[in-house]
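> Kindly return the folded structure for what I paste below:
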Amino acid sequence: MNLLEEQSVEDLADLLYNFLPGSGNSRTAFPVAAATVQCEDFWDAGSKRPAIVHLLSAMLGHRRHKFGSLILAIVRQSMTWRRGRGEPLTRDEVIRLNEILLRLSIKIPQLNQPDFLNSLHQPHARREDSARPDDTRPTDEVAKGLSQRLIGLYELPPQRRGYEYERFLTDLFDAYGLTPRSPFKLVGEQIDGSFKLYGETYLVEAKWHAGKTGQSDLLTFAGKVAGKATWSRGLFISNSGFSDDGLKAFGSGRRTNIICADGLDLHEVVQNRLSLVEILEEKLRRAAETNRAFVPVRELR
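Residues are numbered from 1 along each chain as shown. Below is the predicted model of the structure:
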């Protein structure tokens, strides 16, 4: 395969990961879909994502004429399996699937029919006049307290700082009306949590370390987000910011499913009492337009 095909296979693996289970089901699973087109020999039992990559790569390299049939079998089984889980296959997922397939010069007519696409679930669809989240902003006293706590974190010893950072993030999102679904939790050297905005789930990972965050941490978090429900997105917070090389490498050849914020972003939000909802919306818009995971608040204003 050439580089474009290899990247397309990686993107397909990310997208298809939540379409079906890798095993444990005799009616709807990746090996079952492969068997329907007589390609079960290309499915490697083991870790799910590598097995998907191997299946797709082998099909492109050796049985390209059956690639479209395999994808169609996966979609058909996914419609049944996902509906049974209460997470129906979405229109956005199939549209994204069609986009990646076109990069491989593959078009599946059944997946491009307007009637079929319009029949699929659209979790993000909402009326223009639908209620927006409350534009909650903290009082001057609360904002001042948050700002002082953020600055004070730099003076704390590492272990205590981790726990105080956890509390700060929980209180920060609560102050702006984005109450986390559960309190942020310190796990090792990072803080994990999640919140909802417009009904969409955002996973949060926050790290406090001396050096700038590079490509490796971003890829790991993006993979974690991709492994959750397909409509999940991610917010990565790094107090020290992100390396230019890391951001450039992370955004090269892949569609970002995360947005990023640094310590200065958080400081500007609380210090200037900016709307956190509007800041997140603008970061999401910039990411969609430019594929830049990190656009600092100072560039958004």
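> Next SSE downstream of the helix or strand that residue 147 is a member of?
Following DSSP states H and E, one finds residue 147 within helix 140-152. Downstream of helix 140-152, the first helix or strand assigned by DSSP H and E is helix 158-175.
> Would you mind measuring from the residue lying farthest from the centre of the chain to residue 278?
Each residue of the chain has a distance to the centre, and by C-alpha atoms, centre = their mean the biggest one is for residue 141: 34.3 Å. Going from residue 141 to residue 278 by C-beta to C-beta, to the nearest Å gives 22 Å. C-beta: built from backbone N, CA, C; applies to glycine.
> now swap in residue 252 and tell me
Relative to residue 278, residue 252 is positioned 29 Å away (C-beta to C-beta).
> neighbour count winner among these two?
residue 278 (13 against 10; other C-beta atoms under 10 Å).
> Spell out which residues make up each domain of this protein.
Listed by automatic domain parsing, the domain ranges of the chain are 3-119, 140-300.
> how long is the last one from one end to the other?
It stands for domain 140-300. End-to-end span of domain 140-300 (C-alpha to C-alpha, to the nearest Å): 23 Å.
> Residue 292: neighbour count?
Using other C-beta under 10 Å, residue 292 has 18 neighbouring residues.
> That one against residue 250, yeah?
No: checked against C-beta atoms under 8 Å, the pair residue 292 and residue 250 is beyond contact range at 9.7 Å.
> anything in contact with each of the two?
The contact sets of residue 292 and residue 250 overlap at residue 256 (C-beta atoms under 8 Å, 6 or more residues apart in numbering).
> hey, where'd the strands end up in the stretch 51-200 of the chain?
185-187, 190-197, 200-207 (DSSP state E, counting those that start in this stretch).
> nearest to residue 118, of the ones you listed?
strand 200-207 (21.1 Å; C-beta to C-beta).
> circling back to that earlier point, for the domains of the chain, give me CSV that also has mean pLDDT.
Below are the domains of the chain laid out as CSV (pLDDT from 0 to 100):
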stretch, mean pLDDT
domain 3-119, 92
domain 140-300, 86
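> what sits against residue 9?
Counting by C-beta under 8 Å, 6+ apart, residue 9 has contacts 1, 53, 56, 57, 60.
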